[in-house]
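Participant: Prediction below, plus the sequence it came from.
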Amino acid sequence: MEEKHTYSLGPDERLKSRKLIEQLFKEGKTFSVFPLRIYFVVEPIANKKLPMANLQFGVGVSTKNFKKAVDRNRVKRLIREAYRLQKNELKNKLKLKKMHMNLFFIFTGKELPSYDLVYEKLTIALQKLLTIIDESTEADT
């Protein structure tokens, strides 16, 4: 089945299950690309019944750093947009390796970022994730 909207971010690509998010924070690995903290879990698809998308993600922004919901929502929108435009390479690699990944970005900065900064930092984070996928599949073989 060919996807027509390669740059879409559908509901099946969002990480909404509280159980999955808790598992991600408990068992997942983490790294930082300031001002982002990235939590992730990579697993082979065969191990259990997973949702349609092989890549699911969520975004969080601390109430401590941004008191106003308007500001938190703005940061989340910026991260989602930058992610939406750059996720395809990661998605294709996961499909190729028959892996599933849950991702969660937490914004740890204290000031409202510019879109360019978010895009740039997300690019670095996604490159690092691509490297991690390669390393994890090499370890399995």
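Facilitator: Nice, I can see it. Model, not experiment: these values are computed from the prediction.
Participant: Checking residue 92 next. Helix, strand or coil?
Facilitator: When the structure is split into helix, strand and coil by DSSP: H, G, I helix; E, B strand; the rest coil, residue 92 lands in helix.
Participant: distance of it from residue 107?
Facilitator: Spatial separation of residue 92 from residue 107 under the definition C-beta to C-beta, to the nearest Å is 26 Å. Any C-beta I mention is one placed from the backbone N, CA and C, and that applies to glycine too.
Participant: Pick out whichever of these two has more residues nearby.
Facilitator: When residue 92 is set against residue 107 and neighbours are counted by other C-beta atoms under 10 Å, the residue ahead is residue 107, at 23 against 14.
Participant: mind listing what the residue nearest to the more buried one when sequence neighbours are not counted touches?
Facilitator: Here the nearest residue to residue 107 in space, its sequence neighbours aside, is residue 61; by C-beta to C-beta, 6 or more residues apart in numbering that works out to 4.6 Å. Taking C-beta atoms under 8 Å, 6 or more residues apart in numbering as the contact definition, residue 61 lies against 71-72, 75-76, 106-107.
Participant: Which pair of those spans the longest distance?
Facilitator: Taking C-beta to C-beta as the measure, the contacts of residue 61 reach their widest spread between 71 and 106, a distance of 15.1 Å.
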